[in-house]
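Trainee: the following comprises the amino acid sequence and a computationally predicted model.
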Amino acid sequence: MPDIVTLTMNPALDITTSTNRVVPTDKVRCGAPRRDPGGGGLNVARVLHVLGTPATAVFPSGGHTGRALEDLVATEGVGIRSLTIRGSTRESLTINENETGLQYRFVLPGPTVTAREQVACLDLVIEVASGADYVVVSGSLPPGVPADFYQQVADVVGDLGARVIVDTSGPALRQLRGGVFLVKPSIRELRDWTGRELSAIDDQVAAAREVIDRGISQVVVLSLGADGALLVTRDRDEYFPSVQVPVVSGVGAGDSMVAGVVCGLAQGRSLSDSVRYGIAAGAAMLQTPGTALCRRSDVERFYALLTDGSAAGTIVG
């Protein structure tokens, strides 16, 4: 049985291309497209594979797009357990504008997943996650799936004894009630969750600790983007700086950070070192084009920078 299982309820076939300039009305001639598997949990599993930590990716798949997605994931060597659904797996489009360096990302909603298909997904998660140490639930929910679906996953996975890690946003995040080991919101997502501005770091720590005090999650890893990250538990909080790197593409950086954190935990690293490894993985992803995967050598190099003492974590309070 796998030690790590990821769940992606709204996977995508990610298409990345470029053009000199994006303009309205006229045809925009683009370069050769790059096609990659996409969706939160799938990206996490793919990065874990790069980092030498195997995981099994669970996801619904439908239509020609779903079959193409499955083929791409299998070609990379990632273990998959897909559930065939009636609707077609979505596509997402990223266009890099050469003249300005701007990036345009077009994200489609995904297929409607029926109630019967949702039950089948839960059953598949129970089957695959039996004996797993970590289950990573990541990404958006497709049409037809209730906002509390990830809470349903946390309930059934908790009964199996696995630790649940959640990375989502919006209603799916707000519907979490408990049973989660670690949640990784961005600062924007935490602001939406709490309805507060959270400009000061003390306010950010307080908001994260509210999530813990309410029994929703034992650990909060707050992503601050270029400003680093906060690790908050019931009795401690720690700030970690980021690694400053040239940004080629921001696609998948958050998923890569989650992969680094769970990889560290699965390898027996401390929470602090796991967050550092997650920051390193996220920074490495920023240096790759489109949805291309990060390089393990970059992750290890950035992790060394974060652990050499010059960029160590700081106790906030």
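Mentor: In hand now; what should we look at? Small disclaimer: the values here were computed from a predicted structure and weren't measured.
Trainee: can you pull out the strands in this structure?
Mentor: For the chain, applying DSSP state E gives strands covering 4-7, 12-19, 34-38, 56-61, 79-84, 90-97, 103-107, 134-138, 163-167, 180-183, 217-223, 229-232, 237-240, 314-315.
Trainee: tell me the most buried of these?
Mentor: Comparing these by mean neighbour count (mean count of other C-beta atoms under 10 Å), strand 4-7 comes out on top with a mean of 30. C-beta: built from backbone N, CA, C; applies to glycine.
Trainee: what is that one packed up against?
Mentor: If you count contacts as 3 or more C-beta pairs under 8 Å, 6 or more residues apart in numbering; DSSP states H and E, strand 4-7 packs onto helix 40-50, strand 56-61, helix 115-129, strand 134-138.
Trainee: make JSON lines out of the ones you listed and add mean pLDDT.
Mentor: Shown next, in JSON lines, are these (pLDDT from 0 to 100):
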{"stretch": "helix 40-50", "mean pLDDT": "97"}
{"stretch": "strand 56-61", "mean pLDDT": "98"}
{"stretch": "helix 115-129", "mean pLDDT": "98"}
{"stretch": "strand 134-138", "mean pLDDT": "98"}
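Trainee: would you turn the ones you listed into a markdown table with distance to Q267?
Mentor: As requested, the helices and strands packed on strand 4-7 are exported to a markdown table (distance: least, C-beta to C-beta, whole Å):
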| stretch | distance to Q267 |
| --- | --- |
| helix 40-50 | 11 |
| strand 56-61 | 17 |
| helix 115-129 | 19 |
| strand 134-138 | 11 |
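Trainee: among these, which comes closest to F149?
Mentor: Across those, F149 has its closest neighbour in helix 115-129 (6.7 Å, C-beta to C-beta).
Trainee: tell me the angle of the closest one relative to strand 163-167?
Mentor: 130 degrees (axes from the mean of the first three to the mean of the last three C-alpha atoms, to 10 degrees).
Trainee: which secondary structure elements does helix 115-129 contact?
Mentor: Packing partners of helix 115-129 (3+ C-beta pairs under 8 Å, 6+ apart): strand 4-7, strand 56-61, strand 79-84, helix 149-160.
Trainee: residue contacts, the closest residue to C30 other than its chain neighbours?
Mentor: Counting by C-beta to C-beta, 6 or more residues apart in numbering, T17 is the residue found nearest to C30 once chain neighbours are left out, at 4.2 Å. T17 makes contacts with 30-34, 93-96, as judged by C-beta atoms under 8 Å, 6 or more residues apart in numbering.
Trainee: grab the nearest non-local neighbour of the residue positioned nearest the centre of the chain.
Mentor: The centre of the chain sits closest to D255, judged by C-alpha atoms, centre = their mean, with a distance of 3.0 Å. Of all residues not flanking D255 in the chain, N43 sits nearest, at 3.6 Å (C-beta to C-beta, 6+ apart).
Trainee: so where's the stretch 1-150 of the chain shaky on pLDDT?
Mentor: By pLDDT under 70, the weakly predicted segments of the stretch 1-150 of the chain are 1-2.
Trainee: need the contact list for the residue lying closest to G170 once chain neighbours are set aside.
Mentor: Spatial nearest neighbour of G170, excluding adjacent residues (C-beta to C-beta, 6+ apart): D192 at 7.1 Å. Going by C-beta under 8 Å, 6+ apart, D192 touches 169-170, 173.
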